[in-house]
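Visitor: what would the 3D arrangement of this be:
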Amino acid sequence: QVQLVESGGGLVQAGGSLRLSCAPSGLIFSRYVMGWFRQAPGKEREFVAAIRWSVGSTYYADSVKGRFTISRDNAKNTVYLQMNSLKPEDTAIYYCAVGQGRIPLNRRPNEYDYWGPGTQVTVSS
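Guide: Presented below is the predicted three-dimensional model:
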């Protein structure tokens, strides 16, 4: 059974940084994509970033491009989301997800098969 666990959320002032981690276990896909999504109160879950695990290609939402970086550590089987220059509008629950790789890249929540429970990120102004 595939399980995902996020960590690294918290409270930070605007302009600060946080790094989220997600360590999947039990993966069975030969080619998969790890994604980060977020959901703010009253809003739909939205795509933040993703990485194709086998080749390392990365993809970002326009709203975080240049501020967030997604990366992976093959040895630790862990994906990271480094978030810099955080803004109050980045406040949300952040979710890690995994799905079978698609072309074009999976950007919709229903294109991912497994999800972590989420971690809260709060950015104060």
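Visitor: show the model's pLDDT score for the residue positioned nearest the centre of the chain.
Guide: The residue lying closest to the centre of the chain (C-alpha atoms, centre = their mean) is residue 36, at 1.9 Å. You'll see residue 36 listed with a pLDDT of 98.
Visitor: from residue 125, how far off is it?
Guide: 23 Å (C-beta to C-beta, to the nearest Å). From N, CA and C alone the C-beta is placed, and that goes for glycine too.
Visitor: could you do residue 110 as well?
Guide: For residue 110, the distance to residue 125 equals 33 Å [C-beta to C-beta].
Visitor: which of the residues in the one helix or strand the residue nearest to the centre of the chain maps to are buried?
Guide: According to DSSP states H and E, residue 36 maps onto strand 32-39. By neighbour count on 16 or more other C-beta atoms under 10 Å, the buried set for strand 32-39 is 32, 33, 34, 35, 36, 37, 38.
Visitor: right, I'll call it a day here.
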